[in-house]
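S.K.: Okay, here's the prediction I keep looking at, along with the sequence it came from:
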Amino acid sequence: MGLIIQLRSGERVFLGTTVLINRDKDRSDIEIEGDLPIMREKDFLPPDQATTPCKRLYLTIQRMYLENAAATLQLQFTALQSEVETLLPAAKPFLRSILAELANGAYYRALKEGQKLIQLEAGGEPIKAPPASGSL
C-alpha cells in the first residue's frame, strides 16, 4: 500500500516537478505508490515569494527535494546558510538541524526545520530550538 493523501477541492500536491490538482468539488483520496518527492501545497513556497534570506534558503531546500538537485544547489545553499548565520545568529541551532537532515537525505524534515527558521526570521512566536549538537 502506498501513501494515501486526502485533497480538498482545488488543493494541489507536488510530486517531484509535477503538480496534481483535485478538480472535484469534493474531497478526494489519492494513493501514491513509488518513490517520488511529495509536498503538499501548504508547505510549498512559490519562487516569487522567496523574498527574505530564510525563505530563499527554504526555497533552495525545496528545489533540492522536488527537483532531485542537491548536488547542483549545494553552493547556493552554502552561500545562503552563511547569509542567514550572519543576519540571524539565533538561527544557528536550526541550521545545524537542517544540515543534519540534509546529510541523512531527509529533505522533508529539513523543510520542516526551514519553516521554523522562516518563523524566527519573521519575529513570530518563540520557537523551540533543536537540541544543540556539534558546531556550524
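M.R.: Cool, got the structure. Remember, predicted model here, so these are calculated numbers, not experimental data.
S.K.: Show the low-confidence segments of the chain, by residue range.
M.R.: Scanning the chain for pLDDT under 70 picks out 1, 124-136.
S.K.: Domain map for this structure?
M.R.: 3-42, 47-121 (automatic domain parsing).
S.K.: For this structure, identify the residue most remote from the centre.
M.R.: Lys25 (28.5 Å; CA atoms, centre = their mean).
S.K.: do you know how far that residue is from Arg8?
M.R.: Between Lys25 and Arg8 the computed distance is 10 Å (CB to CB, to the nearest Å). For the C-beta atoms, the positions are set from N, CA and C on the backbone; glycine is no exception.
S.K.: which neighbours do those two share?
M.R.: Here Lys25 and Arg8 have no joint contacts, going by CB atoms under 8 Å, 6 or more residues apart in numbering.
S.K.: Now for the residue nearest to Tyr58 when sequence neighbours are not counted, how many residues are close by?
M.R.: Spatial nearest neighbour of Tyr58, excluding adjacent residues (CB to CB, 6 or more residues apart in numbering): Gly114 at 4.0 Å. Neighbourhood size, Gly114 [other CB atoms under 10 Å]: 26.
S.K.: Help me confirm that Gly114 comes into contact with Arg63.
M.R.: No - using CB atoms under 8 Å, Gly114 makes no contact with Arg63, being 11.9 Å away.
S.K.: Do you have the helices of the chain handy? List them.
M.R.: 53-66, 70-87, 92-103, 107-121 (DSSP state H).
S.K.: buried set for stretch 39-59?
M.R.: 39, 41, 43-45, 50, 53-59 (16 or more other CB atoms under 10 Å).
S.K.: what do you get for stretch 71-81?
M.R.: 73, 76-77, 80-81.
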